[in-house]
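> The sequence isn't on hand, but the structure is:
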DNA sequence: ACCTATTTGTCCGTATGTATG
DNA sequence: CCATACATACGGACAAATAGG
């Protein structure tokens, strides 16, 4: 897979890295058992600090997407089926684009929807 | 509409306020021309700082959701059709819940999808 | 089974910017 | 505008897991 980070973007570096893993998994590009590059190696080639990469890996571990252990590295775990979200995400983004809703607002609406226990009719 | 903020939640206060306006608009509870409470008043009743409310209002103005002018207050503007997102958002959240994907990861996937110019087949 | 060198993440602290009130 | 608090990114030292002999 292809790794890139852009320090200029307002998304934090560690989040950019985590995002790329998630989307690669959603796209089927990374599968259970695949190994991510050692943090030091990736940090070196991206020219960011070791800890920045590790922060991303740790976030992914907290999500249950990767198994991260010292001496062994970061491996894609038995994970939630991200691919199942591909279609709903695309549908939402398309709707948001055509309605002229910003990415920030859309993401905020998604978070808010999660916060509501379950969606009963209003 | 009902306003509440919870300092304990990790979402910043100003974001909680903005989110409530967005969801109220999406739900049809607030319509074009409706007036939001004056920032000072809302700040007082929520027991948060004036700047916190103003920050939320400014974000909403930047999104084009409210018209914010001095002396006149904050008014819901001719806005993007947030209601159009209601169904896609609900669908996505349902899919994420049943797939066991966290809110954070879901929101990140949505943002990432925006970043991609347009989704052609892979 | 042992040792140890290497690989790899974890823990400690620090600087700088941004958010908050 | 100011003071405080928090988050991001970085640096160095440390410790567990692994692999080779």
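On my side now, so go ahead. Values in this document were obtained by computation on a predicted structure and should not be read as measured data.

> just checking, residue A:8 is part of a strand?
No. Per DSSP: H, G, I helix; E, B strand; the rest coil, residue A:8 lies outside any strand segment and is coil.

> From residue B:15, how far off is it?
Relative to residue B:15, residue A:8 is positioned 23 Å away (Cβ to Cβ, to the nearest Å). Glycine gets a C-beta too; all of them are placed from N, C-alpha and C.

> and what of residue A:1?
Going from residue A:1 to residue B:15 by Cβ to Cβ gives 32 Å.

> same thing with residue A:21?
Noted for residue A:21: a distance of 25 Å to residue B:15, by Cβ to Cβ.

> Compare those two (neighbour count), which wins?
Using other Cβ atoms under 10 Å in any protein chain shown as the criterion, residue A:21 and residue B:15 rank with residue A:21 on top: 24 against 20.

> From residue A:37, how far out is residue A:75?
Residue A:75 is 11 Å from residue A:37, by Cβ to Cβ.

> Actually, residue A:98.
In this view, residue A:98 and residue A:37 are 38 Å apart by Cβ to Cβ.

> quick one, what contacts the residue nearest to residue A:107 when sequence neighbours are not counted?
Closest residue in space to residue A:107, ignoring its immediate chain neighbours: residue B:107 at 4.6 Å, by Cβ to Cβ, 6 or more residues apart in numbering or on different chains. The contact partners of residue B:107, taken as Cβ atoms under 8 Å, 6 or more residues apart in numbering or on different chains, are A:107, A:110, A:111.

> Next, the residue in chain A positioned nearest to DNA strand D: secondary structure please.
Taking Cβ to the nearest atom of the strand, DNA strand D has its nearest neighbour within chain A at residue A:71, 2.7 Å off. Under three-state DSSP, residue A:71 falls in the coil class.

> What does the pLDDT read for the residue nearest the centre of chain A?
Closest residue to the average C-alpha location of chain A: residue A:19 at 3.0 Å, with Cα atoms, centre = their mean. Residue A:19 is assigned 93 on the pLDDT scale.

> if you count residues, which helix in chain A comes out on top?
Longest helix in chain A by number of residues (criterion: DSSP state H): helix A:83-99.

> That one: which residues count as buried?
Using 16 or more other Cβ atoms under 10 Å in any protein chain shown as the test for burial, helix A:83-99 gives A:84, A:85, A:86, A:88, A:89, A:90, A:92, A:93, A:95, A:96, A:99.

> from what I can see residue A:81 touches residue B:99, true?
Yes. Using Cβ atoms under 8 Å, residue A:81 is in contact with residue B:99, at 4.6 Å.

> State which one residue of chain A is found closest to DNA strand C.
Nearest to DNA strand C, among the residues of chain A, is residue A:70, at 3.1 Å (Cβ to the nearest atom of the strand).

> now the lowest-mean-pLDDT helix or strand in chain A and helix A:83-99, what's the angle there?
Least confident element among the helices and strands of chain A, by mean pLDDT, DSSP states H and E: helix A:103-115 (a mean of 85). Relative orientation of helix A:103-115 versus helix A:83-99 (axes from the mean of the first three to the mean of the last three Cα atoms, to 10 degrees): 130 degrees.

> Figure out how far helix A:103-115 is from the centre of its chain.
Averaging C-alpha positions (Cα atoms, centre = their mean, to the nearest Å) puts helix A:103-115 16 Å from its chain's average.
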